[in-house]
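Chemist: using only what follows, build the 3D model:
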Amino acid sequence: MSRSATRIFLMTRPALSLLLVASLLSGCNDTRDLAPQSADHAWRPTTRTGLVLPPGIRHPAVSVEAGEGQIAAAHIGPALPDASDRGLSLPQLIDLAERNNPRTRIAWESARQAAINVGMSRAAMLPQLTFSAMGGFQRMALPLPNYLSSRGYLTSNGAAAFPKLELDYLLLDFGRTRAQIREAKFQTLAANFGFSAVHQQLILDVISAYHAQQAAQAIVVASHHAVDNMALLLRAAQSRHDHGEATIVDVATSQRNLAQARFDLDKATDAEHGARHALLEVTGLPATLAMAIEPVPAQTLPHSAPEQIRQLVTQALASRPDLLADIAKLRASDEAVLASKAALRPQISFVGTASGYLGALKTYGTGRSAPASAIAQPEAGAFLQLSWPIYQGGLRANAIHMAESRRDAAEATLLKDRLSVERQVADSQDALETALAQVKSAQVLNDAAQTANEGASQAYAHGVGTMTDASTAAAALFEAQASLAVSIAQAFTKAAALAHATGQLDLANNTPDDLSEAAP
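Modeler: Numbers count the residues shown, from 1 in each chain. This is a model prediction of the structure:
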């Protein structure tokens, strides 16, 4: 092997070694074993994952409200009801839900993120000032003819630092940045309306859960009355049997009816517990919290006005926050189209730089030894920069097509939601009318069942009625009382659903009937 070949081999040997080490390391980086081993079995971790609930979620603390003019601290824990409260009313439950339910926090953070995005968009209109610095050491080799250097090359060792301050200021982009800012503002408006929609839906959920719990509680009371009635019939049957006026079949029948009534009471109690847990969940409170709930106060049933359906639809189209959010999203997509078209035009900006060269250079291999050359000099520059995309493989054209497609999708979504709102208003109005009619029928049924039960039980106690009639009347009374409780709860729930469908459930946050009044 020649001397030059040996030198080349010695120079390339480190590179070959590095290539071999890199191939070995890439083989050790096979991470397929992190995935499940097969598709037909559930995955179970073989080692500790370190995933545990954060302490604030595992043991939530009571949240603390901020005073006027202050920003509330971000507490994860729920706001608990006052211990002095004898029972929580529906407005108090709604207030707890709005403070505790995670849905409101999620929607709030989304609205805040949209608002922050406006500031990020505006930043493009302001000067951009950037400082950077680079420093280090470099060894360089340069081949030279033998008559200039006896060893055939020279080397230089240099150490330097390069601080740099750069100014970039956008002067003109034909409305692209301003369109992006308007798009961000409309997105913020849509997020704010979405936040209101979440609150309205949460209020409806609390109202529905509250009346469901009240209906379940009323069924429990009716079940207790049914147990008392069946126990009364059992005592009457045993008394008549002891006097030879009733058969053992009457006693067995009354015992069966009492057992059935107690079974129904257990079911009703379990259903009431489930309804209470659902109410606690929607209010963001622990299911184990012992909380008294005030019953529905004495009030008249809601009214229904079928002839005002067109007025209700018009009101819904002007007030529904989700529909107004769709309008804001549509206008945001219009601005996105303008921004994508403006991207085809040139962009003019001012660029200024101020930098420095601080370093020293020492050269070896020449015939004479020279001291290191040091430098510490400032540098500066000012430029007017023009940037104009001429050809980018159809990127800009496809960006315009994408923005126009999203605009068409937003318009179609608005149309779909408008039709959905009209149907929701009509369905809610019909449901309220049906619920009110059912309340009237259930009231008549309850009164008749009450009278029939009293007559049948007294008739059997005096020996002029049968156990079958008395048992049937007692069971019918329980069904009538349960139906009345459920129908009343549904009437109030359907009235709330109609208010939600028209966008009037949260009257504290009235929305403008014309989005342009609230447009940025």
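Chemist: for the stretch 201-350 of the chain, what spans make up the strands?
Modeler: Secondary structure of the stretch 201-350 of the chain, counting by DSSP state E, counting those that start in this stretch: strands at 347-364.
Chemist: from what I can see Asn170 touches Ala124, true?
Modeler: For residue 170 the amino acid is Leu, not Asn. Yes - Leu170 lies in contact with Ala124 (CB atoms under 8 Å); the separation is 6.3 Å. C-beta here means a position set from N, CA and C on the backbone, and glycine is covered the same way.
Chemist: which residues do those two both contact?
Modeler: Residues touching both Leu170 and Ala124 by CB atoms under 8 Å, 6 or more residues apart in numbering: Thr177.
Chemist: any idea how far the residue of the chain most remote from its centre lies from Ala141?
Modeler: Residue farthest from the centre of the chain, counting by CA atoms, centre = their mean, is Tyr147 at 78.2 Å. Going from Tyr147 to Ala141 by CB to CB, to the nearest Å gives 18 Å.
Chemist: repeat for Glu404
Modeler: Counting by CB to CB, the gap from Glu404 to Ala141 is 58 Å.
Chemist: cool, Asp30 as well?
Modeler: From Asp30 to Ala141 the distance is 40 Å (CB to CB).
Chemist: Thr283 too?
Modeler: 76 Å.
Chemist: what about those two, which has more around it?
Modeler: Using other CB atoms under 10 Å as the criterion, Thr283 and Ala141 rank with Thr283 on top: 28 against 10.
Chemist: do a quick rundown of the helices in this structure.
Modeler: For the chain, helices defined by DSSP state H occupy the ranges 3-28, 55-58, 90-100, 102-122, 176-242, 248-282, 309-319, 321-342, 395-461, 467-501, 515-518.
Chemist: of these, which approaches Thr47 most closely?
Modeler: Distance to Thr47, taken as CB to CB, is lowest for helix 3-28 among those, at 18.5 Å.
Chemist: contacts only, for Thr466.
Modeler: Applying CB under 8 Å, 6+ apart, the residues near Thr466 are Tyr460.
Chemist: for the lengthiest strand in the chain, which helices and strands make contact with it?
Modeler: Longest strand in the chain, counting residues (DSSP state E): strand 153-172. Of the remaining helices and strands, those touching strand 153-172 by 3 or more CB pairs under 8 Å, 6 or more residues apart in numbering; DSSP states H and E are strand 128-143, strand 347-364.
Chemist: in CSV: these, plus distance to Ala496.
Modeler: Shown next, in CSV, are these (distance: least, CB to CB, whole Å):
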stretch, distance to Ala496
strand 128-143, 52
strand 347-364, 53
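Chemist: would you format these as TSV with distance to Tyr391 and mean pLDDT included?
Modeler: Formatted as TSV, these follow (distance: least, CB to CB, whole Å; pLDDT from 0 to 100):
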stretch	distance to Tyr391	mean pLDDT
strand 128-143	27	92
strand 347-364	16	91
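Chemist: between these, which one is nearest to Pro302?
Modeler: Among the helices and strands packed on strand 153-172, strand 128-143 sits nearest to Pro302 (CB to CB), with 59.0 Å.
Chemist: buried stuff in the closest one?
Modeler: The neighbour-count check on strand 128-143 (16 or more other CB atoms under 10 Å) flags nothing as buried.
Chemist: still on that earlier bit, I'd like the average pLDDT over the longest strand of the chain.
Modeler: Averaging pLDDT along strand 153-172 yields 92.
Chemist: and it with strand 347-364, angle?
Modeler: On the basis of axes from the mean of the first three to the mean of the last three CA atoms, to 10 degrees, strand 153-172 is oriented at 170 degrees to strand 347-364.
Chemist: neighbour count: Leu170 and Ala124, which is higher?
Modeler: Each of Leu170 and Ala124 has its neighbours counted (other CB under 10 Å); Leu170 has more, 17 against 14.
Chemist: any idea how far that one lies from Leu88?
Modeler: 56 Å.
Chemist: Gln438 now?
Modeler: Using CB to CB, we find Gln438 at a distance of 28 Å from Leu88.
Chemist: check Ser333 too.
Modeler: Counting by CB to CB - Ser333 and Leu88 are separated by 44 Å.
Chemist: backbone torsions only: list them for Tyr147.
Modeler: phi -80, psi -10 (degrees, to the nearest 10).
Chemist: please renumber so the chain begins at 789
Modeler: New numbering, starting at 789: the last item is Tyr935.
Chemist: list the contacts of it.
Modeler: By CB under 8 Å, 6+ apart, the contact list for Tyr935 is empty.
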